[in-house]
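**Q** Return a 3D structure for these sequence lines:
(one chain, ligands or ions: 1)
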Amino acid sequence: MWKEGVKCAVALGFDIDAETLWLGPFKQDTPAHLARGAYGPQVGMPRIVDMLDRYHIKATFFIPGWTAEHYPHIVEELHAKGHEIGHHGYLHENVSRRTKEQEEEIMQRGLEILQGITGEKPVGYRSPAGGYSPHTLQFLLDYGFTYDSSLVGRDEPYYLEVEGREEKVLELPFSWELDDAPHFLFSFVPYHTGLSAPSKVLEIWRDEFDWCYREGGYYNLVCHPQIIGRRHRMKMMDDLIQHIRGNADVWFATHREIAEHWLEHHPA
Ligand SMILES: [Zn+2]
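**A** Model (predicted):
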């Protein structure tokens, strides 16, 4: 499945939703909610960058345009360090509830903002809140994305048919089990229990990895700096990375690297 000497591919992805999570889908614009969002870029991100530096891992950061506008230095730093920057909407909009015109505007705006900071057009897309419209796949082709990472239909990368088009979209699936939000995100409105013990989540994430390794598969972890960036969860992430690194021939790669490998070796 992978290149010579690689048994299993691991992609670490961080969605820097910041305040957009609260302003967008949760519709909570109070100072208290915004402070929770700001914790991600301001406190969680330095910890995450430090961890990736320590283990020499390149990761992918999916960033809403609003976050990039308000924290451009973070986008610049990540890009300079060789991490991948992906598209994640503007204000974390769920495009399944927008018109086709609005969705295209969000698509263009996010691209322009990220490209304006890094000088490079993002090649990866992750839909905010897992929202998909009947037009999303068309837009991904129209705007030249290499891959999408928003759906959960398989364990390994796969191709999506696009109505009326010959080209297909490469999907790098994620899973809610390997997403920090359902496990940890606490909120009164809308109510989310969250606040799982890290030992419980580490058990799930470690066992997912162990079986993935056995199958020689692809492991796609989805984290959010405002959630995973809390101290006890960073310790858990560190433990997880050490566990993964204890196995031979693991390829820590950005989503883009995995997509490029897949397109070349497993074409549609
Ligand atoms: Zn998000």
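**Q** I'd like the distance from Cys8 to the ion, if you could.
**A** 26 Å (C-beta to the ion, to the nearest Å). Where you see a C-beta, it was placed from the backbone N, CA and C, and this is true even at glycine.
**Q** quick one, phi psi at that residue?
**A** Note on Cys8: backbone dihedrals following degrees, to the nearest 10 are phi -150, psi 140.
**Q** buried set for the helix or strand where Arg36 lies?
**A** Assessed by DSSP states H and E, Arg36 sits inside helix 31-39. For helix 31-39, burial by neighbour count (16 or more other C-beta atoms under 10 Å) applies to 33, 36-39.
**Q** now check it, is it near the ion?
**A** No - counting by C-beta under 5 Å from the ion, no contacts exist between helix 31-39 and the ion, the nearest distance being 11.0 Å.
**Q** Show me what that helix is packed against.
**A** Contacts defined by 3 or more C-beta pairs under 8 Å, 6 or more residues apart in numbering; DSSP states H and E place helix 31-39 against helix 20-23, helix 225-228.
**Q** Which residues does the last one contact?
**A** By C-beta atoms under 8 Å, 6 or more residues apart in numbering, the residues outside helix 225-228 that reach it are 14, 16-18, 21, 36-37, 39-41, 44-45, 48, 180-181, 184-185, 233-234, 237.
**Q** What residues sit buried inside the next helix or strand after it?
**A** Where DSSP H and E defines the elements, the next helix or strand beyond helix 225-228 is helix 231-245. Within helix 231-245, the residues that count as buried by 16+ other C-beta under 10 Å are 233-234, 236-237, 240-241, 244.
**Q** on that earlier part again, which of the buried residues of helix 31-39 sits closest to the ion?
**A** Nearest to the ion out of the buried residues of helix 31-39 is Gly37 (C-beta to the ion; 11.0 Å).
**Q** pLDDT below threshold where in this protein?
**A** Along the chain, the model assigns pLDDT under 70 to no residue.
**Q** so what's the most far-flung residue of it relative to its centre up against?
**A** The C-alpha centroid of the chain is most remote from Gly164, which lies 28.4 Å away (C-alpha atoms, centre = their mean). Contacts for Gly164 (C-beta under 8 Å, 6+ apart) come out as none.
**Q** oh, and call the first residue 36 from now on, that's how I've got it
**A** Renumbered: residue one is now 36, and that last one reads Gly199.
**Q** Which of the helices or strands spans it?
**A** Here Gly199 is assigned to no helix or strand, by DSSP H and E.
**Q** which parts of the stretch 36-185 of the chain sit against the ion?
**A** Near the ion, when you scan the stretch 36-185 of the chain using C-beta under 5 Å from the ion, you find 50, 52, 163.
**Q** residue contacts, the closest residue to the ion within the stretch 136-285 of the chain?
**A** Scanning the stretch 136-285 of the chain for the residue nearest the ion gives Pro163, at 4.9 Å (criterion: C-beta to the ion). When the contact criterion is C-beta under 8 Å, 6+ apart, the partners of Pro163 are 52, 55, 59-60, 99, 123-124, 127-130.
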